[in-house]
Every structure is written in C-alpha cells, then in structure tokens.
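1. Okay, sequence plus prediction incoming.
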Number of protein chains: 4
Amino acid sequence: FPQLKKNIIAPFDRRYRRWQIFLVLLVAYSAWASPFMLAFEKVATTNAIIIIDLVVDGFFTIDIVFTFFVAYLDESTYLLVDEHKKIASRYLMTPGFALDVASTLPFQLMYIISGKNINRTVFGMLSLLRLWRLRRVSEMFARLEKDIRFSYFWTRSVKLIVVMLFVLHSTACLHYWMAYHDQLSKKTWLGDLVPNFKEQSIWLGYIYAIYFSISTLTTVGYGDLHAENTSEKIFGIFIMLFNIGFTSYIIGNITNLIVHEATRTSVMRDNSNEVSRYARKNRLPTILRAQMMQHVQLKLKTVELQQEEMLANLPKAIRLNITRHLFQQTVESAYLFKGVSEKFKTHLVDEMQAEYFPSKVNIIQQMEIPADFYIVVTGELEVLTNEDGIEKLWSNLHPADMAGEIGVIFNIPQPFTVRSKSICQVVRIGNSHFSQTVELHIEEGKMILSNFLQFL
Amino acid sequence: FPQLKKNIIAPFDRRYRRWQIFLVLLVAYSAWASPFMLAFEKVATTNAIIIIDLVVDGFFTIDIVFTFFVAYLDESTYLLVDEHKKIASRYLMTPGFALDVASTLPFQLMYIISGKNINRTVFGMLSLLRLWRLRRVSEMFARLEKDIRFSYFWTRSVKLIVVMLFVLHSTACLHYWMAYHDQLSKKTWLGDLVPNFKEQSIWLGYIYAIYFSISTLTTVGYGDLHAENTSEKIFGIFIMLFNIGFTSYIIGNITNLIVHEATRTSVMRDNSNEVSRYARKNRLPTILRAQMMQHVQLKLKTVELQQEEMLANLPKAIRLNITRHLFQQTVESAYLFKGVSEKFKTHLVDEMQAEYFPSKVNIIQQMEIPADFYIVVTGELEVLTNEDGIEKLWSNLHPADMAGEIGVIFNIPQPFTVRSKSICQVVRIGNSHFSQTVELHIEEGKMILSNFLQFL
Amino acid sequence: FPQLKKNIIAPFDRRYRRWQIFLVLLVAYSAWASPFMLAFEKVATTNAIIIIDLVVDGFFTIDIVFTFFVAYLDESTYLLVDEHKKIASRYLMTPGFALDVASTLPFQLMYIISGKNINRTVFGMLSLLRLWRLRRVSEMFARLEKDIRFSYFWTRSVKLIVVMLFVLHSTACLHYWMAYHDQLSKKTWLGDLVPNFKEQSIWLGYIYAIYFSISTLTTVGYGDLHAENTSEKIFGIFIMLFNIGFTSYIIGNITNLIVHEATRTSVMRDNSNEVSRYARKNRLPTILRAQMMQHVQLKLKTVELQQEEMLANLPKAIRLNITRHLFQQTVESAYLFKGVSEKFKTHLVDEMQAEYFPSKVNIIQQMEIPADFYIVVTGELEVLTNEDGIEKLWSNLHPADMAGEIGVIFNIPQPFTVRSKSICQVVRIGNSHFSQTVELHIEEGKMILSNFLQFL
Amino acid sequence: FPQLKKNIIAPFDRRYRRWQIFLVLLVAYSAWASPFMLAFEKVATTNAIIIIDLVVDGFFTIDIVFTFFVAYLDESTYLLVDEHKKIASRYLMTPGFALDVASTLPFQLMYIISGKNINRTVFGMLSLLRLWRLRRVSEMFARLEKDIRFSYFWTRSVKLIVVMLFVLHSTACLHYWMAYHDQLSKKTWLGDLVPNFKEQSIWLGYIYAIYFSISTLTTVGYGDLHAENTSEKIFGIFIMLFNIGFTSYIIGNITNLIVHEATRTSVMRDNSNEVSRYARKNRLPTILRAQMMQHVQLKLKTVELQQEEMLANLPKAIRLNITRHLFQQTVESAYLFKGVSEKFKTHLVDEMQAEYFPSKVNIIQQMEIPADFYIVVTGELEVLTNEDGIEKLWSNLHPADMAGEIGVIFNIPQPFTVRSKSICQVVRIGNSHFSQTVELHIEEGKMILSNFLQFL
C-alpha cells in the first residue's frame, strides 16, 4: 500500500472499515427508531431512549470529524489523494456534509429543552432526517455485491429483505400515527376494529399496523383492516402506488438471480444435448458417442482448470508467469529435455497447453500426421499398435513419460496409437512451435536428439 | 467402470440408485406426515400410523448403515475413494451424520413409552426433525436437472409444484394447530366461521386450512377467512413475508423457463428477418431472395447435423474419429480415390465438411476460380453449361458422383455450373487442403490423375 | 414444388391451408360451446344448438377423411412422403386418430335419441372431449410464431389473450355448474348473493361467474363473491393452484417480450455510451468525437445494409450471387475497368464490401500507406491537398468516380485526402485482393493501366 | 447541417424541438382533462375550463399548420426532404392528419352553441378524441430512450409512472361516471358506501374513485369498495382483464431494467471468480494470484480507456485519427524517434496499443524473446537484472522513457526485467510491425539506430 501523509487514514484501512461497520449497526438502530418514535410518542419521551439517541448522535459526530482525515480515490487518475486541503474542500462542497450535520442534531433533546412548547410532531418529522444515514447501508451493500468473498445471491437476498422490513416498519408506523392523530379516532382503520386501541399496549398497535401494511404490500388485502376516512384513503393510494413498483422490484430482482443461477445448468445441458443429438442424427457408433459425452461432462467438471479465454485476457507478462509456474516442472521431468538450457525450456513452455482426457480415448491415432506431442502429468496411458486389425499393447505411460515425440522428431506418421486408461491430464506441445524453438536454439536441438537416441 | 474394493458400493450403482429412489418415496410420506401429525393429534396416536412410522424409520436406519459402504468422488482428483476408513471418517465429520441419526429416532414411540406424561407438543415439534430428510428430494431434483434424459422444463415445473404443495400443506397444518390450541377457540380464523370445528371431521378442518393458506399464498385474500387474534396476526405476518419471496421465486423460475424456451424461436426469427430485410433493402432479385430464405430455413432444420462450433470444442482425437466415421465411406465410393492408400484417405477426410443445399441453388458457378470440389452424398445435382446466355443440361449427378474436380485438378476456372435439383447433402473438399495432401503423397497423386483420365 | 402422387394434397397447399384456418374457427366455437353447454343446460337442449353442433361435427368428420390424403414431411430426410399406405398407417398409429374420432361423436344427439334416460351430466362431460380440438389452435400459434410475416410480439400477445379468455370462460362455466347442481343452492357462492339466480337470466349468471373467476385469477379477491361450501372450497383450491402457475406464465411471457424488444435499444445505447465515454476519458478533440458519434448512429440506421455476419453464414455460392448483383454495375461504371473482361470483374467483385460514411469524415488521409481504394456509389466526396497546413480543394467526386486508386496502382503514399461531403456509400476494394486479381489476369492489368493513363 | 429551402424548418431545429416540448405539456393537460370532464360535468361547463380548452385547441391548430413546413427524413436514403409538395402530400396521406384535425375540433363549445339540446354524453365521448394527442408523449419517450444524455433507467421508470397515473386517472373517472349515471344510484360501488355522494364535493368522489381503481389495479382488493350491479361487474371484468396485462407489463419492464443494471456487476464478479478459482485450483503462488486479481480489477476500472472491440468497429479512417491523436505526442517525446520523418511516425502509430499495468508486475522478463517494446506514458517502472538469483536495480523509467527496445533492435533476448512500481500506462509497439515499418523507410531506420547509439 502506498505511504500516506501523517494523520491521514486510507479508506481501505482495516480499522477504518471496522468503524464503518459499527456505524452501519447504529444506522440500523436509527432506521428502526426514527419512524417508531414518531408513531409511539409515549416511548419516545422516556429517558432511556433520549440517552441512547444522544450517544448514537455522538458517534456520528465523531465520524463527521473523521471524514476530514480520510484520503479519497481520484476518479480520473485512480490515485489516493491525501492532502488535507483537498479532502476538506471536497467534503464541504458536496451536499453530503450539510445533510450529515443536519441528521446529527439532537432534535429530541431540543424539544425537551424548548419546554415542549412547540408542536411535537414538527420535531418528530425533523428526526426523520436521520434516515439520511441509510445511504451508508446502501453503500455497504453496493460494496458487498462487488466483493467475491460473499455470495451474490445471498447479498442481494439480504438486501431485499432489509429493504422490505424497513418499508414495512415505516408504513406501519405511519399508519399508526394516522390512526392516533385522527380527531374522530373511531372512524380509522384501527379504531374501527379495536375502538379503545389508545389504551391498549403499544405492542398490539404495532402488530396490527404491521399486519395491515404487509397485507397491503403483498396485495393479499383480506379487507378486515382497510382505510376508513378520506385522508387514510389518500395515504393508501400512495402506499399502493409505491407497492406496485416495489413488488415488481422484488420480482425483478429474484428473476434476475434465478436466471443467473440457471444459466450454468442450461449451458451444460445445451452442450450435452447438442452432442447427443449430433451423435444420434449421424448414427455415430456407441463407443464414439460415449467418448463424446464423457468429454463434455469432463470439460464441465474441469472448467476451472482450463479457461483459455480468461488467460488470453491477462497481459502477456502475467500469462507467461502462469504457464512457467504450471509447466516448468513437467518439462524438466521429461527425459527429452534433460540438460537443456533454462532459456530453451522457458521458450518452449510459453505456448504449452494443459488438456484433460476421459478414459478410453485415443489421444494419438496410429498413422496420423504428427501435429502435437504430449507429456503425461497425471493418470495412465497405453501405447498400442494395430497390426492386421489386431491391437497389441506395447507399453504403459506414467507421469513424466512422453507420447508422440517419435512422429514429431522424425516427421513421420505416428507409429503408435496412444489411449488413455483412466482420466488423465497431459501437456500438449505443438509441432510447429517445437520446430521454431529448436531452430532458434540449434545447440539444444542436438542435445534433445541425443537424449532421444539414448532413450531408444 | 473401475473395480472397487470388496463390500463397497459405487454411488452410481444401479441397485443403489433404485434404493435411493425408494427412500425418496418414503421422504414424501414423512414430509406429508410430520406436519399433519402435529396438527391432527387424533390421527397421530392411532396404532396404524405408529407402526408405519416405525417401518419408515427402520428403512432410514438401514440407509445410515449403507452410507458407510458407499464410495465417494474426490472433488479435486475426480477419482472414486473406496477405502473404508476414509468413507467412514468423511461421513462422521459432516453435520449430516448427526442430523441423519436425530431424524431417525422414533419420537412417537418414545412419547407413548414415556407414559404420555410429557407435553405432547414437544414430541410433535421434535418429529419435525424428520423434515431434514427433505434434502434427499432437493438432491434428487439437482441431479434430474443435470440429466438430459429428462426435460428441463418439466423437471423444474414438477419441482416448483412439489415445493408449493409442501409449503401449502405445512402452512395449513400450522394454521389448524394454532386454531386448535387457542384457549378461546371462538376468536380464531376457523372458529369464527365454524364454531364447532373441533367436533367436525378432520377432512373439513384440513380443507378449510388449505383454502385459507392458498388464498393467502396466491394473494387472492377473499377475506372470508382471516387472522382474528394477535398471535394469528403475527403468524400471518411471517406467512406473508415468506409468500412475497416465494411468489417471486415461482414467477422468476417460470420467466426463466419461458425465456429459455423462446430463445430458439427468436434466434430463428431474427435470422430470417435479417435476411429478409437485407434482400428488401438491397432490392435483390426475387429468385436470389427465395434462395436465401430457403437456405436459412434449411439451416434451422438441419442444425443438428452441422454444429461446427460444438465439433471444434471436442479434442482433436475425438474429432478425427467422427469425421472418419462420417466421410470415409463417401470418399471410398468416389471414383477419383479408387485404389488410393488408406493413409491418404484418412488424411484427406480430416478436413472435410458436410453441407446442405436447398433445391435450385448454384453450388458451382461457371467461370468461378476453383476453391472447393464436392462429392454428392444424397439428392441430385445437374451440370449445366451457359453458352451465349442459354443454359444447356450436360448431365445429372447422383450420390457418389463428384462436382468441380476438373477445375481443381487443372486449376482452371470451373467449366460448368452445378445446381441442386432437390434438397441435397454434399461433402466439400477444399482446394488447398487437397493440394497439400497430394504433395505429401506424390504416388497417390499420380493414381488420382490416372483415375481422372480413365473417367474422362 | 415437387410433384405429388394423384389424389394426394401437399400440407402447404394453399387451399388446404385455408381449410385448416376454417377449421380453427370451428374449434373456437367448440371451445366456447363445450363448457357453456355443460353449465347452461337450458340452452344446450335447444334445437338450433343441436343442429349447429351436428354441422360442426360434420366438418371435422370430413377432415378426418382428408387426413388420409395429405402428404407428410419425413423427419429424418426432410422429404415429403406421398404413399397412401404410409400416410394411412402413420395416422392410424398415433393416438391422434382415436381422439379425433372420439371428439367427433355427436353426444348431444345420442343423449336425445337415448330418450334422455341416462344422466345428462355424463353426456355433458363426454362432450368436453371436443376440447381435444384445441390442439389445432395450439399448432396454429406455433406456426404463426415461426412465420416472420407476423409480428412475434402480437402473435404471442394474442395467444396469451386467447388462452386467458378460454381459461376464464371454462372456470366461469364450472363455477356456475357447481352452484346450479348444489343440493342446498342457498349456501353457494352465487346463491348467497342472488338467492333466486336459477330463475334469473342466463346472462346474469354468466356475468357473475366470469366476474368471480377473473377476480380470483387476477388475485384481486374482493370477497363479495367467495366459495361457501366445502366442495366449492376444494374447487377453489385447484383454481388458485392453477392460477399461480398461469399468472406466472403470463408475467413470464410478457417479461420475455419486453426484454426482447428492449435489447435493440440497449445495444444501441451501450454502443453510443461506450464511444462517448472513450472520447471523454481520452479527451479526444470535439470534431473527432462528433465523427465517432455520427458513425455509430449511421451504423445503427444502416444496419440492414451491411450485416457481414449474416452474409458470412450463407453458402459461398449464394454469397457470390449477392455480391455480383450488388457491385457488378458499380464496377462496370468505373472508368478504370472499361473494356475489362467479365471474368476479371467477377473475380474482383467477390471480395468487395459496401461501406457508409457520415459527412465530414476523412476516408483517405494524405500520406497514408494505401490499403484500399474506393468507388463512389451515392453521395459526394471532396479531394483535398494539404500544403503547409493549408487545405486546398482539388476536386469533387460523384457516383462512379474513384478515390485512392493512384496510391494503390503506383504503391505510393496517398497523394490526397478524401473527405465525405454528405452521407455517402462507397465500395471498398482491398489493395491485396486487387493485386492478386491483376496477377492472375496480366492482360486485363495492362488494360487497367492504359485506362488509368488515359484518365490522367 | 444541410441548407434547407426557404420557409422549411428542419425537424431537429432547436426552436422546433422546444415547441414540441411545449405541446407535450399541453397534451398532459388534455390527457388529464378529457376523462375528468366526462366524469365531473359540473366542472366541465365552467367558463374557465371552456376558455382553457379553446386556447389549447388553438395551439394544436397552429401545429397542424406548422407540420406543412417541416422537412422529413426519407427512410431509404437517410436524406432530409424539403420540397413543399412532398411534405404536404406525405402528411395528407397518413391517417395522422385526419386524426389531428378531429382531435382539435372544439366539441365543448359546439355543445354550448348547439343550445345543449343534444345529449351531453355524446360530446363528452367525442372529446375523448383528444387522447389521440397522447401519441406525442409516446414519441417523446421513444426519443428519450435513445438519447444517451438521459439515463435509460429513469426514462423507462418515468414512462411507467406516467402510464400508470394516466390509467388510474382514466379508470377512476370512468368508475365515477358509471356511479353517477346509474338510474338507481344507491346500488353502485360508491352509492353503497356514501349514499349522498352526488351532493358531496368532487374531491371526495375523485379520491374514492382513485382508491377503488388502484386497489383493483394493484390486486389488493380490500373489498370495502366493489362492483355492485351487473354493468359495474362487466366494467370490472374488462378493467381486471386489462390489469393482468398491465401489471405484467410493469413487472416485465422493471425486471428488464434490473437484469440490465445487474449485468455489469455480474460480468465483473464472474471474471474475478474465474481468476480466483483458476489460481486456487492450480495452486499458483500468492504473489501471482495477487497480480492476477489486481489486473482484473484494474481492467474493470479502466474499461473506458481500452475497448479494443469498439475501436475495431469504427471505419479505418476514423480509427487512424484516434490513434494518431492519442500516441503521436508520446512517440515524438521518445528519444528513439528524434528527427524521424512525420510519415514514419504516422505509420508506426497506426498499430500502437495502450496498456495498463497494476503495480509490481513484470512487464518484461529477463531472457524472454523480444516481441514488443514500450514507451512509458504515466507512472514509474524499474529496470532490474537478475544475477545468480539476486535482483539488482539498474534504473528507474519515467514518462517518455522506453523499455525493451534493446532486445528488439538487436533481436536478442531481453537483457533486463522491467517491473511497474505503481499503476502505470504504457504504449506497446510490436516487434514485427516495427521491423516492417523500418524496412519500408530505410533512411529513418538508420536515424533510429544513430539515436540509439547516442543514447548508449
């Protein structure tokens, strides 16, 4: 990590991250408390709540101060800016600063200090400013969604649930507030069913309000609770307008997740189906058909081990480092490259490719024009000759053994058939790349030939 | 299949698979019985039910024992592990073992043996542990979804229906349980409508409960049945919260299936539209337009027979086997390759390609630079010459006849136009690949020339 | 079209198609009548209805006879089969034949003939067999969806509406049937609201039934009508189970259509955005930025005229025909190719490409290495020289004029800048393809040179 | 912009665009007023409303006149047509003209002039013709969706909200109209709840109507308001039929937006996951793994700066202008190309590519075969030698310095390792393209060599 100026915190500093997570927990409290305190005034004016509120506000005040000491990432150069002046001016210029301050003022306390003369509802409404803090939750989820350590599915699902609970809670509190402040509280959604609800416990009112909200949100609408007077009907109109969007949002999100999850299975199925249809329509022999299916399934299982495309997108320098790491040892273990210079091996390795074969597949066909030769990495192969249609086992190949090199070196049709005995991984070296490399390094070419003759 | 140690069963053993399917049927019983027995105590304590439960538990006990003798697939090497010790330690380490045992204990019997002194509900709740067995259903569907012998559409649909029925059944049982155990059973969702429901048949109670559950789940919410007391309202809140997710899950799944099904039609339509628009905008003559449309439609019909891309992804060894199987016979039947060595034919076949033409298409144009020649596989072609704008029929080509070879062998512009008479399949041999092969095998080149001269 | 045997009709024969469409109209009647007659017995037994039913059944009987004379398409060879014996055996083997016959028996008449002794409901249920005819509607929609003369969006939408209306109608009829046949018809969904509904008009009953069905289907569930007795509740459970699937099906389909429609706009926007972001981030000069945006927009407008990919997928023979049709005239009008042989032009045309340029774009840059030259098809270009940074207009190019040929012929850096004055279409001829063609035809090369010198 | 004939306005003229936007505002008024005036007759006949209507109609009359002077874009040539006669005949031929005129006739006034003798409802219905003006809103949204200055998400969302509000408003007005014109107004949806609604304020009636409409549209269906008589039930059936489509339309649109938004995040996650899995499975060393992850993240951040594919789709002329703009200065600042001719530099620049590297990545590996060399644009690199496994810092490279040119010029293995110290941008010049360019310009090749020797 780059060195920052004194007293400046990096935004990805571990301790700062933890502080942010702690603040998100406080936000959760604020999000729950702000609407609740508005609806249930009795609770809002207890001493315990007022003290908790003050403490929470204190922590957010500390965070406002902190923000002046946190470096930020410049969007055009991708570099961290750690100059005090720039950080301060950037923070002060955004509307975020004003809102941060406004959402930290202790309205509850001001109300009590003011001698409770002013309308309480005004202060209740002002404390809804605390909901500005919710942007921290939204930022946290945006960050989590991009973090591959967390499952995308669960991050999105938790986000949806959190949003839904908050919407429910807020709507319920507003519903209760409306019923409570109605002048003729008999003709309200709650008063109609529970005439003496004001004397009843807060718990009962809250449950009924949540039940009413969710039966509207889910569009169940039993009808046992429903808007009674005009102002409730107007509120209901807005709630339902909002719900149609919100329900669609939930359905859309879940559809997106399901489509995303299902894509992998469908790609796999489509591949298998294609192979199977092709084999059936062309009436390929059963053994060939089985080999094709095995290959498709193996490829799906080993998909993490190949990924040519992903490798092709990496810069050449990184790509070479990877192939060197993967194949250097294999090349060094092969008898053909004993005593050959580092330079030669490095060059050879650059275009090697790993391949997987299921069992019982002919990797090399007798009499085929040599295009590649192989070094065995794992598994076992068998070398066969076909004389007058009768297959004869010549030898077995084990890790570090080579296959097909005779054809390539003498440039003659392959003298043997090579077949996998079990699932196996081999490294493929292309004929043309091999020739090119040998041409560039005549000396090592001779050494390879001598290695080969010795082996024979 | 690989040889396994004695007394070890392969996980894909046919008899073991059948045993697993049998267990899934028992799970279906458990899934139905567990919530039902909780809700309808009268039924739960009949002797028949207790005996059935014991038998089912017995089968699952047997399966626990079996699991110690079933090999498993190692996730990093893709090899079967058949060592007793490893299998046992793997099973004992997972939480699955503890849950398997816990879900097999015969709680019903324990309750009776204990003299029915302990609270019955506790045992009812404990027997919900049996729902752990549902993981077998989930695993079965995961397997079926990947199995191309079963339609993806129907597998997913059946899964959705099964999940929905289970959710409905469970919710209904819980609803009934709540109504039944309420102290003042008049003020319940059911008691309100059917005051004497406890004396009524179980059937009536179950129907009403299912009806209530489904009218909530589908968000119809008629309102004839609805939560009456606070605890029912709390339960309703959770049910509705769950429903909003579950309904979205169903919609998302079905959307996914429809999008998937519709993709093929839309690809087809987009292709046709593109061709049609191109022809219209460029004012191509009607005959050319018709040929283009015919080609697009033919290609869609014969899509299983081509699939270059799928073939390109197979390992070279398998690919060569396929082309050899498909084209060897065609090449052998062609007059030009009579007496030519196996090696030559094998080499030639490696880069052949099958192509389909609708009727009335010019496959070769008189005077065109020769790039390919063709062997007819099915259908009929006509050879035409164009002199002073008048077309004259020269000859007809039938399966095993060749077209365009004159141009390729003498490297002169094609002397004839070749046109398909009906839908036909031909094998295409590229000029450059043919030359290369002949260069490698001078002797066979001569033989081909002599074949050709004889034919003339 | 291929010649068929005598007395055999091709399935795509125009008159046969019309007959099929006529039958679909009769099916629409059957689909409406079958459930309606079951529910409203009074109507079902009027003479008019019985006669109409007999006539409709007559037409379907004729179709069964017809089917023995209609050729079919073999699925593996894609050829029409017109042998009487094969057609007959194919039809008789499928379950379709038995169902076709069963759905044509005149149950209504049989009931009357039988002296109305047997239970009427049995016959009503039997006449539901007519719903088998609905497969014709489903087949028709499957065909329409693949037919690019009809909008996919509207075909799918009409299909959804038709399915929905049929579901509504059937459910409504079943609801009415249940209310009517209830022994204690006061405690039914309808009897509860309209006690004397049996004396009321059929119209009122049908409206109420449809209203009940649709308020359940759309999950509105006002509650003014709802299932009253146990059997209605059971029916309601099945209806709602079906609805959850059906609603999801509608939502899924419409989502599919919207996603499909929106894709084009989003591809366009993504392209524009990418260009715009690239230009902004790299601080490209305004004029270059404007050219890039113009190009992207032009490309979207002229998308039907290019479509390289679509052309690449056509067989070579068809592709050559298209390029010849498009460019032959342009080449003939160009001064450079006066008197040049047909063969040469044909060869040259084969790799030509049309390109569009917005106004004020430099098509050729002074001093650039010549890679292509151009023939103007539509629009106007200006030829400029840049001396000491001052641009001087040299000449204007009009359709049939050429640009950049000097650089290509002498293989020198382009002496002029060529810029489009308005939107224009040009044909591009690649340097290397031109050289190759000239090498193959030395004589015409000389003629081209002489044309060129004359022009100078 | 092209010059147009006198008195002809271009459709994209700024003042004309503003006039169009002004008309859309008037359409908003019409869309609100037309259904409202039908339902609430009392309001419709006030003088203020009649005058406003006349003024609005006046503006639309002016627009009809204007349309005869606005050029249009020909769909096949993409050119503006500015001939009076063509413009007029095109407008008069479309049904748009007739509808434009019909929707501008002042029906309200005609009603009053006619002495209010004719049925008022007829005129009310006729004034619904004004809804034809809504096509302007639809056209505006179609234009906005394609305009990249506006967010697609918000444009679509606003469109959905506008459509929904209009549907709600219209349905509400029709509901009220039905209740008001019912002969026995007690048995209506509204009269049932508010018997004296005709004497109540318009505001109350409108709120109840909206509330009823939205509780149907969102499928909440509390049941406190519901269709009472047969005609209301029929209307309800159509409303619900429409709603099922409309709700699906909203869900489909929002799903589309969410899927579109989520795609970017998922592509990013998939890339990261793939890299991470590959590294883990192949057990790559931690440092290599970190480099790979850094690269993937850097690539995502700098995605706007690369975009090879987008560049590849631009015509060659524009592409060259861009590369020249981007790299000319970099090449001029490099010591190797001092004094080299403009022509040479232009040629060299044509195939240059910008690349980004995260910190601590080996850009060139000691001993590797030289394939490219680099000019530093931003950031810092370090040059290292590795002797006996110990790395020694040779020098630091800053912007305008070059790396790897020694290997390329002498065609020897790279003598140094070059590693990025911080995030850096370099320009890559391919070995082969460089050699080709030098071959074409022997003189400048010598100059480059002399520059190089001087540097040493």
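-> Looks like it came in fine.
2. what about residue A:339, which SS state?
-> Assigned state for residue A:339: coil (three-state reduction, DSSP: H, G, I helix; E, B strand; the rest coil).
3. which residue does the stretch 251-400 of chain A bring closest to chain C?
-> Nearest residue of the stretch 251-400 of chain A to chain C: residue A:255, at 7.1 Å (Cβ to the nearest Cβ). Where you see a C-beta, it was placed from the backbone N, CA and C, and this is true even at glycine.
4. do the stretch 351-456 of chain A as well
-> Relative to chain C, the nearest point of the stretch 351-456 of chain A is residue A:432 (24.1 Å; Cβ to the nearest Cβ).
5. Check that residue and give its pLDDT.
-> Residue A:432 carries a pLDDT value of 81.
6. Quickly find the element holding it.
-> Secondary structure from DSSP states H and E places residue A:432 in helix A:431-440.
7. Now do that helix: which elements does it pack against?
-> Secondary-structure packing of helix A:431-440 (3 or more Cβ pairs under 8 Å, 6 or more residues apart in numbering or on different chains; DSSP states H and E): helix A:342-349, strand A:372-378, helix A:442-455.
8. For chain B, which of these is the nearest?
-> It is, among these and with distance given as Cβ to the nearest Cβ, strand A:372-378, at 7.7 Å.
9. Show me which positions of stretch A:364-379 end up buried.
-> For stretch A:364-379, a neighbour-count test (16 or more other Cβ atoms under 10 Å in any protein chain shown) marks A:364-370, A:372-377, A:379 as buried.
10. With stretch A:100-112 instead?
-> Buried residues in stretch A:100-112, counting neighbours by 16+ other Cβ under 10 Å, are found at A:100, A:103, A:104, A:106, A:107, A:108, A:111.
11. Spell out which parts of chain A neighbour chain C.
-> A:76, A:219, A:221, A:222, A:223, A:251, A:255, A:281 (Cβ under 8 Å from any Cβ of the partner chain).
12. count of neighbours near the last one?
-> Looking back up the chat, that one is residue A:281. 14 (other Cβ atoms under 10 Å in any protein chain shown).
13. Three-state assignment for whichever residue of the stretch 101-250 of chain A sits closest to chain C, please.
-> Going by Cβ to the nearest Cβ, chain C is nearest to residue A:223 of the stretch 101-250 of chain A, at 5.4 Å. Using three-state DSSP, the structure places residue A:223 in coil.
14. Find the residue ranges of chain A scoring beneath the pLDDT cut-off.
-> A:1-3, A:75-79, A:116-118, A:184-186, A:299-310, A:312-313, A:315-317 (pLDDT under 70).
15. any idea which residue of it is furthest from its center?
-> Distance to the chain centre peaks in chain A at residue A:388, reaching 58.0 Å (criterion: Cα atoms, centre = their mean).
16. Would you quantify the distance from residue A:325 to residue D:280?
-> Distance from residue A:325 to residue D:280, counting by Cβ to Cβ, to the nearest Å: 14 Å.
17. These two: which is more packed in?
-> residue A:325 (15 against 11).
18. Isn't the more buried one up against residue D:287?
-> No. Counting by Cβ atoms under 8 Å, residue A:325 stays clear of residue D:287, with 10.4 Å between them.
19. Next, the angle from the lengthiest helix in chain A to helix C:230-281.
-> Counting residues, the longest helix found in chain A (DSSP state H) is helix A:230-281. For helix A:230-281 against helix C:230-281, the angle by axes from the mean of the first three to the mean of the last three Cα atoms, to 10 degrees is 80 degrees.
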